[in-house]
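1. coordinates only, sequence not included:
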């Protein structure tokens, strides 16, 4: 079963990648894959799994428990809780963005972007995304930027290129900030890196990983963008006056910015801060709609907006993350981390190589278990070069494939981007940028050591 789980995961991954030729929705495949992976885990011989050691430890406190009881009550519930945190965070962020969009709030930004030249707009969008991601996080930033792109670019294929750069810029921006990506948050909270050190050591590499693809696209993207026609949301927001539009925009952006502040102050999960911000915005807009005509108020109500949330992409998240968590629980990912440690190189070349490979692998499987495995294997002191490089690699390496990061999965769901299209058009750019950033970090470390 141990090997069969790997084979099934690879087959499921291929079905997701070939969604359009096979005409099988990726969300359906992901849900089926997640279910089958845990089913195979439950049917296997417990003694043959590395996870058997965890089961034996559980037996010391619960001597009557069976393997199935342990699996369903401990790892399965724990992983489901972790995934649910991401899903509720995603739902809250998507709803807040839709509320702001429905009230015309993003016009405050889009009305000020006058350029229609593709290359110029690409730079503007990428730079905004890069710095916004460091303050919010790459997932929230991607959702906000896709909402903006829909207001700026009417042609779907053009918007896909911009969406691809949003993924690259969001992941790059999140990698150099202690609150910009889940892996940097993990390393920061665990005391592996300090706030100033992670910014100081990974900022340049993160910039390079974005700038290199951006420069290449700037030379290949020619012409002008076509602005979209007025959408239903704009028609619905026509009667919302400027002050109300500004209020909803500020409350929405404030709710998103409040999430990392909420986590820092309370040490509670980010999704609670996101849902709390949504609750405030829901109450305020409810009072605003009392003075609007019933039909207008209905189209602007949060209840109506919730019906527009892309549930399919949320279910895709659920399926793919539960499938990866099955591999983590069973022990395949742990064995992968241990095998990397056997690379026959001396220090620091060995650890640069290990971290670079982890970054590439994070585009295939979730970067969280990979980083968690590395944290458990090594005991380097705080602010060691390995930890900062790991934050960069795990954060930006996920851009190589569209389902390699939370930002990529969210954008894929919102824009219905084809996996193969991204692989052909964006993946090679992301890989070049990733490798350029890796080289930048390594050279920077050698220079700093020589000074």
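-> Thanks, I have the structure now. Keep in mind the model is a prediction, meaning the values are calculated, not measured.
2. for the stretch 151-300 of the chain, just list every one of the strands.
-> Shown for the stretch 151-300 of the chain, no strands are assigned by DSSP state E, counting those that start in this stretch.
3. where does it have low pLDDT?
-> With pLDDT under 70 as the threshold, the stretch 151-300 of the chain has low-confidence stretches at 189-190, 230-240.
4. touching, residue 289 and residue 299? I think so.
-> No - between residue 289 and residue 299 no contact is recorded; they are 9.7 Å apart, counting by CB atoms under 8 Å. No exception for glycine: its C-beta is placed from N, CA and C like everyone else's.
5. can you tell me the closest non-neighbouring residue to residue 98?
-> On the basis of CB to CB, 6 or more residues apart in numbering, the spatially nearest residue to residue 98 that is not a chain neighbour turns out to be residue 305, at 4.7 Å.
6. could you pull up the residues touching that neighbour?
-> The contact partners of residue 305, by CB atoms under 8 Å, 6 or more residues apart in numbering, come to 95, 98, 99, 102.
7. would you confirm that the last one contacts residue 300?
-> To tie it back to what came earlier, the one meant is residue 102. Yes - here residue 102 lies in contact with residue 300, judged by CB under 8 Å, at a distance of 5.6 Å.
8. okay, buried residues for stretch 433-447 please.
-> Taking 16 or more other CB atoms under 10 Å as the basis for neighbour counts, the residues of stretch 433-447 that come out buried are 433, 434, 435, 436, 437, 438, 440, 441, 442, 444, 445.
9. what are the contacting residues of that stretch?
-> Outside stretch 433-447, the residues within contact range by CB under 8 Å, 6+ apart are 168, 172, 201-202, 204-206, 208-213, 348, 352, 356, 359-360, 385, 388-389, 392-393, 396-397, 399-400.
10. among these, which lie within helices?
-> Where the contacts of stretch 433-447 overlap with helices, as defined by DSSP state H, the overlap consists of 168, 172, 201-202, 204-206, 208-213, 352, 356, 359-360, 385, 388-389, 392-393, 396-397.
11. now do the helices in the stretch 251-400 of the chain.
-> According to DSSP state H, counting those that start in this stretch, the stretch 251-400 of the chain carries its helices in the segments 270-288, 294-300, 302-306, 311-330, 332-340, 349-361, 367-377, 385-397.
12. to residue 79, which of these lies closest?
-> With CB to CB as the measure, helix 311-330 is the member of the helices of the stretch 251-400 of the chain nearest residue 79 (3.9 Å).
13. which regions of the stretch 1-150 of the chain sit below the pLDDT cut-off?
-> Looking at the stretch 1-150 of the chain by pLDDT under 70, you get an empty list.
14. sorry, back to before: so which of the contacts of residue 305 sit within helices?
-> Among the contacts of residue 305, the members that lie in helices (by DSSP H) are 95, 98, 99, 102.
15. any chance of a markdown table for those, columns neighbour count?
-> Supplementary listing: the ones in helices among the contacts of residue 305 in a markdown table, determined by neighbours: other CB atoms under 10 Å:
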| residue | neighbour count |
| --- | --- |
| 95 | 23 |
| 98 | 22 |
| 99 | 25 |
| 102 | 25 |
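16. closest one to residue 265 out of the residues you listed, please.
-> Comparing the ones in helices among the contacts of residue 305 against residue 265 with CB to CB picks out residue 95 as the nearest, at 23.1 Å.
17. if I pick the closest one, what's in contact with it?
-> 278, 302, 305, 306, 309.
18. write a ChimeraX command that selects only the buried members of those residues.
-> Per 16+ other CB under 10 Å, the buried members of the contacts of residue 95 correspond to this ChimeraX selection:
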select :278,302,305
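19. have a look at the contacts of residue 95 and tell me the least confident one.
-> pLDDT across those is at its lowest for residue 309, which sits at 79.
20. the spatially closest residue to that one that is not a sequence neighbour and residue 322, how far apart?
-> On the basis of CB to CB, 6+ apart, the spatially nearest residue to residue 309 that is not a chain neighbour turns out to be residue 94, at 5.3 Å. If you measure residue 94 against residue 322 using CB to CB, to the nearest Å, the figure is 20 Å.
21. and for residue 423?
-> Taken as CB to CB, the spacing of residue 423 relative to residue 322 amounts to 24 Å.
22. more neighbours, those two?
-> A side-by-side neighbour count of residue 423 and residue 322, using other CB atoms under 10 Å, places residue 322 first with 21 against 14.
23. for the more buried one, which non-adjacent residue is spatially closest?
-> Leaving aside its sequence neighbours, residue 322 sits nearest to residue 34 (CB to CB, 6+ apart; 3.6 Å).
24. distance to residue 28 for the helices of the stretch 251-400 of the chain - can I get that in TSV?
-> Rendered in TSV, the data for those read as follows (distance: least, CB to CB, whole Å):
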stretch	distance to residue 28
helix 270-288	25
helix 294-300	31
helix 302-306	22
helix 311-330	8
helix 332-340	24
helix 349-361	26
helix 367-377	24
helix 385-397	27
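25. indicate which one of those is closest to residue 114.
-> In terms of CB to CB, the element of these nearest to residue 114 is helix 294-300, at 27.7 Å.
26. show me what that closest one is packed up against.
-> Taking 3 or more CB pairs under 8 Å, 6 or more residues apart in numbering; DSSP states H and E as the contact definition, the neighbouring helices and strands of helix 294-300 are helix 232-236.
27. 10 Å instead, please
-> For helix 294-300, the elements it packs on are helix 75-102, helix 232-236, helix 270-288, helix 302-306, judged by 3 or more CB pairs under 10 Å, 6 or more residues apart in numbering; DSSP states H and E.
28. many thanks, have a good one.
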